[in-house]
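*Asks:* With the sequence up front, the predicted model follows.
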Amino acid sequence: MTTLSTTLAKRLTDPRLFRQYAYVNGKWTHGEGGREEAVYDPATNEAIGHIPLLEAKQITAAVDAAEAAFVHWRALRADERCERLLAWYDLIQANREDLATIMTLEQGKPLPDARGEVEYGASFVRWFAEEGKRTYGETIPSHIPNASLGTIKEPVGIATMITPWNFPLAMITRKAAAALAAGCPVIVKPANETPFSALALAELAERAGIPAGIFNVVLGDPAEVSKILCGEPRIRALSFTGSTRVGRLLIEQSANTVKRLSLELGGNAPFIVGPDMDPKQAAYAAIDAKFQTAGQDCLAANRILVHESIHDAFVEHFSERMLALTVGNGLQGEIDLGPLIHRQAVEKAAAIVDDAISKGATVIGGDQSQAPGENFFMPVMLTGVTPRMKVWREENFAPVAGITAYSSDDEVIEMANDTEYGLAAYIYTHDIRRIWKLMRALEYGMVSVNSVKMTGPPVPFGGVKQSGLGREGGATGIDEYLETKYYCLGALGSVSGS
Ligand SMILES: NC(=O)c1ccc[n+]([C@@H]2O[C@H](COP(=O)([O-])OP(=O)(O)OC[C@H]3O[C@@H](n4cnc5c(N)ncnc54)[C@H](O)[C@@H]3O)[C@@H](O)[C@H]2O)c1
Ligand SMILES: N[C@@H](CC=O)C(=O)O
């Protein structure tokens with residue numbers, strides 16, 4: 001196992017936040033079979049550390065630990081769990097700079113974006129710390145003589161979380177904080193590309209007084225680990241964020257143990273621009289909605305649908321702004337776009353662009369000879385995109401924007417809904433009738449009107465169709481980790497009715 005005296009550790013104010021072990025039952029753990037995997041900085045392709053690949057029995061040991069710890073955690077009062085979560089929140093905030101450095105090194109996003117994600121991730125911890133105190137049951141007017149009826153909310157049990165590399169911290173906290181606040185122990189399996197953010201969260205959870213066995217981070221071969229977690233009957237809930245392809249697989253693997261599933265899967269967001277919009281303003285908003293995290297965002301505006309009357313002006317402003325975006329190592333200076341996560345992502349983006357060109361799209365940008373390294377992809381705008389092209393059908397997860405013109409509201413509704421995905425959609429117009437018509441007709445879990453920013457702790461985040469199941473965050477996010485127990489208290493003498 002590599003020692004802590006690596007480049008990454010040296011960059012941190014608190015080197016103990018950089019851990020190259022799994023975290024099970026409050027202990028930093030090696031892989032018993034001696035298997036390990038390197039983690040690379042996508043900007044330089046240099047190894048920044050190693051992680052152990054745990055053996056099957058070590059994953060089961062995490063479940064044993066969570067099962068034992070559950071008894072005490074669920075018995076705490078909600079306000080006691082709240083205090084520990086708030087302590088975790090404070091520690092995340094206090095270590096924001098180190099957490100952002102770890103994230104930029106393993107994920108590649110520019111440092112200011114990484115700081116933003118730490119803040120965003122922390123905000124879910126604070127939100128759910130408070131929400132845990134409001135998991136109310138209800139009383140039910142009785143239809144049974146001399147009985148009182150009602151419900152109470154109880155933690156579902158051990159919850160496991162399988163998370164992606166594009167938001168290595170916030171995708172964990174949005175799930176884990178809800179589960180912990182509900183009284184559930186958690187077992188997190190982060191993406192192997194970005195494990196160090198998860199492990200730093202574990203270190204801070206321990207310092208916050210979250211007991212051993214309650215927050216575990218397991219590492220290993222993803223397919224091997226997920227089979228064990230999905231097949232384990234003691235794990236009652238699985239929350240996954242990642243691709244629709246892997247989401248389908250996890251549904252199958254969880255069928256035998258009938259788990260509670262929350263799935264935040266892929267997106268293919270339309271960005272609709274109405275004829276009344278200022279083309280420059282709309283183009284700049286579309287740039288923000290497309291190129292954040294170098295396009296590796298489930299909310300990325302992939303298909304930009306612009307009314308024909310302003311299409312050409314929009315395209316001019318979009319390309320001028322896109323060509324001014326800076327691409328480089330996220331640790332260095334003012335950078336708009338960092339690298340893609342690995343070389344395969346670059347190859348996939350290039351194939352999507354080639355496919356569109358071969359089917360008649362016009363390309364602007366994307367001079368890959370200017371890319372500052374082999375995992376970088378210079379942003380591309382494609383116009384004249386059609387439903388036959390991959391850029392329309394697939395989530396490209398790269399800085400590739402597809403633009404096309406439409407002529408009527410009915411046409412754009414059909415175009416926008418022409419996808420298996422249904423996560424988020426953007427509408428830009430000031431016409432209230434159009435807003436209402438489009439918002440109601442779009443088959444998406446989230447619709448944002450005249451705003452690129454739509455997420456945050458108070459809102460229910462999630463998709464329809466093949467973008468997923470369930471909602472994270474908001475007033476209902478904690479319900480993903482709660483069971484409703486109905487009770488009937490009969491034979492209560494003369495008391496009847498309510
Ligand atoms: N809806 C949302 O909230 C949301 C948020 C972020 C990312 N995403 C989606 O995530 C995807 C990008 O992330 P990704 O590439 O990490 O996704 P991914 O599906 O490849 O991986 C996600 C997680 O699944 C694991 N995994 C990979 N292959 C597996 C297998 N065969 N069996 C079991 N587990 C496996 C990975 O190790 C990782 O932990 C995109 O589709 C994106 O839209 C969705
Ligand atoms: N940007 C999303 C994550 C999707 O990749 C979020 O805000 O949760």
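*Replies:* That came through fine. Ligands and ions are numbered 1, 2, ... in the order given.

*Asks:* if I read this right, residue 476 contacts residue 458, doesn't it?
*Replies:* No: Residue 476 lies out of contact with residue 458 (CB atoms under 8 Å); the separation is 10.9 Å. Just so you know, the C-beta spots here come from the backbone N, C-alpha and C atoms, and that holds for glycine as well.

*Asks:* Looking at the two, which is more packed in?
*Replies:* Ranked by neighbour count (other CB atoms under 10 Å), residue 476 and residue 458 place residue 476 first, with 15 against 12.

*Asks:* which residues touch that one?
*Replies:* Residues in contact with residue 476 (CB atoms under 8 Å, 6 or more residues apart in numbering) are residue 460.

*Asks:* I'd like the distance between it and ligand 1.
*Replies:* Distance of residue 476 to ligand 1, given as CB to the nearest ligand atom, to the nearest Å: 15 Å.

*Asks:* for residue 352, same thing?
*Replies:* On the measure of CB to the nearest ligand atom, residue 352 and ligand 1 end up 14 Å apart.

*Asks:* who are the neighbours in contact with that residue?
*Replies:* Contacts of residue 352 by CB under 8 Å, 6+ apart are 390-391, 394, 396, 398, 400.

*Asks:* now do 10 Å
*Replies:* By CB atoms under 10 Å, 6 or more residues apart in numbering, the residues touching residue 352 are 380, 382, 389-398, 400, 402.

*Asks:* what's the answer for residue 158, then?
*Replies:* 62-63, 65-67, 69-70, 179, 184-187, 213, 216, 229, 232, 234-237.

*Asks:* Repeat the analysis, applying 7 Å as the threshold.
*Replies:* Applying CB atoms under 7 Å, 6 or more residues apart in numbering, we find residue 158 in contact with 63, 66-67, 70, 184-185, 187, 234-236.

*Asks:* Give me the buried entries from these.
*Replies:* Among those, the ones that count as buried by 16 or more other CB atoms under 10 Å are 63, 66, 70, 184-185, 187, 235-236.

*Asks:* Would you check how far apart the residue lying closest to residue 147 once chain neighbours are set aside and ligand 1 are?
*Replies:* Of all residues not flanking residue 147 in the chain, residue 490 sits nearest, at 4.4 Å (CB to CB, 6 or more residues apart in numbering). According to CB to the nearest ligand atom, residue 490 stands 44 Å off from ligand 1.

*Asks:* so what pLDDT did residue 490 get?
*Replies:* In the prediction, the pLDDT value recorded for residue 490 is 96.

*Asks:* Give me the neighbour count for it.
*Replies:* Counted with other CB under 10 Å, residue 490 comes out at 12.

*Asks:* list the contacts for it?
*Replies:* Residues near residue 490 by CB under 7 Å, 6+ apart: 144, 146-147.

*Asks:* Wait, residue 210 touches residue 86, no?
*Replies:* No: when contacts are counted by CB atoms under 7 Å, residue 210 is not listed as touching residue 86 (11.4 Å).

*Asks:* Comparing those two, which shows the higher neighbour count?
*Replies:* The neighbour count for residue 210 versus residue 86, taken as other CB under 10 Å, is higher for residue 210 (24 against 15).

*Asks:* Skip the chain neighbours and tell me the closest residue to the more buried one.
*Replies:* Counting by CB to CB, 6+ apart, the residue nearest residue 210 is residue 84, at 5.3 Å.

*Asks:* burial count for that neighbour?
*Replies:* Using other CB under 10 Å, the number of residues around residue 84 comes to 20.

*Asks:* quick one: contacts for it?
*Replies:* 208-210.

*Asks:* If we use 8 Å, what do you get?
*Replies:* 180, 208-210.

*Asks:* before we move on, the earlier item: drop anything exposed from the contacts of residue 490.
*Replies:* Looks like these have residue 147 buried, using 16+ other CB under 10 Å.

*Asks:* Helices - which of the contacts of residue 490 land there?
*Replies:* If you go by DSSP state H, those have nothing in helices.

*Asks:* pLDDT and distance to ligand 1 added to the contacts of residue 490, as a markdown table?
*Replies:* A markdown table is the format used below for the contacts of residue 490 (pLDDT from 0 to 100; distance: CB to the nearest ligand atom, whole Å):
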| residue | pLDDT | distance to ligand 1 |
| --- | --- | --- |
| 144 | 96 | 43 |
| 146 | 94 | 48 |
| 147 | 96 | 43 |
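
*Asks:* which ones are touching the residue nearest to the spatial centre of the chain?
*Replies:* Centroid-nearest residue in the chain, with CA atoms, centre = their mean: residue 171, separated by 4.0 Å. Residue 171 makes contact with 163-164, 241, 264 under the criterion CB under 8 Å, 6+ apart.

*Asks:* Thank you, goodbye.
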